[in-house]
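Peer 1: Show me how the following folds:
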Amino acid sequence: MEEFDKIVRYTFTKAEILSSKKDIQELFKNGSSFYLYPFKVVTLPNPEVEQHQVLFSVPKRIFKHAVDRNLLKRRMREAYRLHKHLLPTELKVLNIAYIYTSKEILDYTSITNPLEQSLIRIHKHVAKNSK
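Peer 2: Numbers count the residues shown, from 1 in each chain. Next up is the predicted model:
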């Protein structure tokens, strides 16, 4: 029987949601960002918390109906929940914002793949800057 060094827990707790108004303002003011269709991803290190905190945003200007915005945010949260283990927790703890930029409602796989790639890209960036 093989033993794993780290057990992956596929949970998304309330503590992982970025909800502090001060932290959100600081993230958008001082954070670094990149685009990976259909997302704009903004990140900022936050040494004050123990785990990564994430914000998911879908603009009301593009999607007028709350049903559509909520559907996209559910898909984004689920994709993050299943792939968050790709982020390093031992190097830096980050605040991350995912802003949905596409003008159409994409299916789950079209959201999952770029979100997974963005987590890999964030991991590489953090690992490179910590050395």
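Peer 1: residue boundaries of the strands in the protein?
Peer 2: Ranges of strands in the chain, per DSSP state E, are 32-36, 39-45, 53-57, 94-100.
Peer 1: which other helices and strands contact the second one?
Peer 2: Under the contact criterion of 3 or more Cβ pairs under 8 Å, 6 or more residues apart in numbering; DSSP states H and E, the helices and strands touching strand 39-45 comprise helix 21-30, strand 32-36, strand 94-100, helix 108-130. Using the backbone N, CA and C atoms, a C-beta is placed for each residue, glycine as well.
Peer 1: In PDB, list the C-alpha atoms belonging to it.
Peer 2: Taking Å, rounded to 0.1, in the frame of the first residue of the first chain, the C-alpha atoms of strand 39-45 are listed here in PDB:
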ATOM      1  CA  PHE A  39     -10.600  35.100 -16.800                       C
ATOM      2  CA  LYS A  40      -8.700  38.100 -15.600                       C
ATOM      3  CA  VAL A  41      -6.800  36.800 -12.500                       C
ATOM      4  CA  VAL A  42      -5.500  39.200  -9.900                       C
ATOM      5  CA  THR A  43      -3.200  37.900  -7.100                       C
ATOM      6  CA  LEU A  44      -1.600  39.500  -4.000                       C
ATOM      7  CA  PRO A  45       0.400  37.800  -1.200                       C
END
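Peer 1: between it and helix 108-130, how big is the angle?
Peer 2: Relative orientation of strand 39-45 and helix 108-130, computed by axes from the mean of the first three to the mean of the last three Cα atoms, to 10 degrees: 30 degrees.
Peer 1: Tell me the strands beside strand 39-45, with direction?
Peer 2: strand 32-36 (antiparallel), strand 94-100 (antiparallel) (DSSP bridges).
Peer 1: Tell me which of these sits most buried.
Peer 2: Most buried of the strands paired with strand 39-45, by mean neighbour count (mean count of other Cβ atoms under 10 Å): strand 94-100, with a mean of 22.
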